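Asks: any chance you can model this:
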Amino acid sequence: MSIPQSGGGVIESFDQLAGLMESGCKPKTDWSIGTEHEKFGWLTDSHAPLPYAGDRSISALFAGLETRFGWKPVREGGNVIGLQRNGANISLEPGGQFELSGAMMTNMHETAAELRNHLDEVAVIADPMGVRFMGIGAAPEWRHEQMPVMPKGRYRLMTDYMGRVGTHGTQMMYRTSTVQVNLDYASEADMVKKLRVAIALQPVATALFASSPFFDGKPNGHRSWRSRIWRGLDDSRTGMLPFAFQEGFGFQAYVDWVLDVPMYFVYRDGSYINALGQSFRDFLRGELPALPGEKPTLSDWADHMTTVFPEARVKKYIEMRGADCGDEAHINALPAFWVGLMYDNSALDAAWDLVKGLDTETREALRVAASVSALKGAANGVRLESLANAAVDLAQAGLKARGLGEETYLAPLHTALATNEVQADRLLRLYQTDWQHSLTPIYQATSL
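Replies: Next up is the predicted model:
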């Protein structure tokens with residue numbers, strides 16, 4: 001989840017809303033790679049989730065990282081709720097998922113080195129405490145009542161709201177983990193093409209990175225339960241954005257959609273003010289019930305943009321949001337996959353050719369098929385295995401064209417396609433054979 005945004009005065013013109021995204025346009029020479037991943041902490045003696053406070057806790061881990069490695073604390077209401085250093089952030093998801101939002105890197109080798117350094121630093125502090133972390137898309141055994149609750153005002157408001165809309169919102173907040181990559185665009189037209197390719201191929205990413213076949217202590221019938229959860233969350237702010245494929249789509253059309261998504265909050269003076277279900281359009285008119293007579297700032301708009309959760313999201317860059325977290329190799333493979341497709345013009349053009357014939361129904365059906373069956377899924381005559389093979393080949397070509405040797409990070413995806421077995425399939429196979437229907441071994445098996 002995002003931290004409070006900053007910068008920008010009161011919104012004086014409606015054009016400033018789209019202007020925020022337009023300000024993200026960069027020449028290709030300045031494009032970068034920002035990778036985020038979440039992971040579950042667990043206590044090695046009990047397999048219980050890592051609590052926020054105590055001798056063996058997130059707070060203790062934060063303190064160790066601050067003292068030993070120079071991270072700077074981020075506080076809310078007297079509690080440390082994150083760390084910052086050199087353009088990177090460590091933050092907390094609602095159930096204590098420990099998230100690295102990496103600095104913007106210029107190539108995959110830098111991204112991989114950042115991840116390895118992060119995992120090494122965390123291990124230095126966590127190992128003596130008897131704490132490890134799982135790279136997996138959903139907590140396999142923990143039930144909702146077992147999950148710790150992080151001391152963040154944003155999450156208290158969201159938890160209340162999620163209980164009123166959809167069916168799976170609190171499961172998403174407290175018991176799932178993802179890996180994402182943030183990529184740049186050169187212009188509005190470039191954003192449009194990249195977003196369309198990103199949305200259309202999110203089911204491929206979901207299939208390739210599926211790693212959440214267990215929930216509440218048993219198989220759940222899906223390879224990516226995390227993806228299934230997102231389909232039962234809040235239709236007003238999630239999904240495959242069919243309007244993004246309509247003629248004339250651009251920054252303004254995306255703004256119009258975000259404006260119609262009900263608000264969660266307004267952030268003022270270190271506190272979150274409840275604006276659940278209220279309208280940002282009313283806010284622009286100075287008619288927000290939560291802050292009558294007050295008009296929003298650009299920071300308020302940037303905050304509101306972080307409360308929409310489509311499969312690919314636009315801010316001043318594009319976020320790819322369709323993948324489960326996994327092991328270290330898969331965490332690196334996710335940005336490599338999208339960089340290969342998005343940062344080489346020939347690969348991007350070919351990727352658009354690959355998906356431009358898919359209609360809204362097929363894109364949505366592939367999303368469902370990916371969550372249930374991963375690479376074995378199909379919809380309306382389109383097989384995810386075939387689509388994934390083509391997409392990974394294009395990503396490979398795109399990375400080779402960059403001439404940096406980054407294609408090596410696609411190795412886990414080539415293996416998955418060669419064996420037709422993704423992480424979730426392997427975990428299910430182990431559960432049914434070596435583990436003898438016990439999930440006790442999954443903690444070590446998915447340990448980062």
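Asks: list the contacts for the nearest residue to residue 343 once chain neighbours are set aside?
Replies: Spatially, and ignoring its direct neighbours in sequence, residue 343 is nearest to residue 31 (6.0 Å; C-beta to C-beta, 6 or more residues apart in numbering). Backbone N, C-alpha and C define where each C-beta goes, glycine included. Residues near residue 31 by C-beta atoms under 8 Å, 6 or more residues apart in numbering: 183-184, 186, 343.
Asks: pLDDT below threshold where in this protein?
Replies: Scanning the chain for pLDDT under 70 picks out 1-7, 166.
Asks: quick check: longest strand of it.
Replies: The single longest strand within the chain, with elements called by DSSP state E, is strand 33-43.
Asks: now it: buried residues?
Replies: Neighbour counts using 16 or more other C-beta atoms under 10 Å place 33-43 of strand 33-43 among the buried residues.
Asks: likewise stretch 77-88?
Replies: Buried-residue list, stretch 77-88, by 16+ other C-beta under 10 Å: 79-83, 88.
Asks: out of those residues, which is nearest to residue 99?
Replies: Nearest to residue 99 out of the buried residues of stretch 77-88 is residue 82 (C-beta to C-beta; 8.7 Å).
Asks: and what about the closest one, helix, strand or coil?
Replies: strand (DSSP: H, G, I helix; E, B strand; the rest coil).
Asks: how near is it to residue 162?
Replies: Taking C-beta to C-beta, to the nearest Å as the measure, residue 82 falls 22 Å from residue 162.
Asks: same question, residue 245
Replies: Relative to residue 162, and taking C-beta to C-beta, residue 245 is found at 28 Å.
Asks: the more surrounded of those two?
Replies: residue 162 (22 against 19; other C-beta atoms under 10 Å).
Asks: tally of neighbours for the closest residue to the more buried one other than its chain neighbours?
Replies: Excluding its sequence neighbours, the residue lying closest to residue 162 (C-beta to C-beta, 6+ apart) is residue 169, at 2.8 Å. Using other C-beta under 10 Å, residue 169 is surrounded by 21 other residues.
Asks: can you give me the strands in the stretch 201-350 of the chain?
Replies: Here the stretch 201-350 of the chain has its strands, by DSSP state E, counting those that start in this stretch, at 214-215, 218-219, 238-239, 265-268, 271-274, 309-310, 312-314, 318-324.
Asks: quickly compare these and say which is most buried.
Replies: Among the strands of the stretch 201-350 of the chain, the stretch with the highest mean neighbour count (mean count of other C-beta atoms under 10 Å) is strand 318-324, at a mean of 27.
Asks: picking up where we left off before, return the member of the buried residues of stretch 77-88 nearest to residue 347.
Replies: residue 88 (27.7 Å).
Asks: having no further points to raise, I will conclude here.
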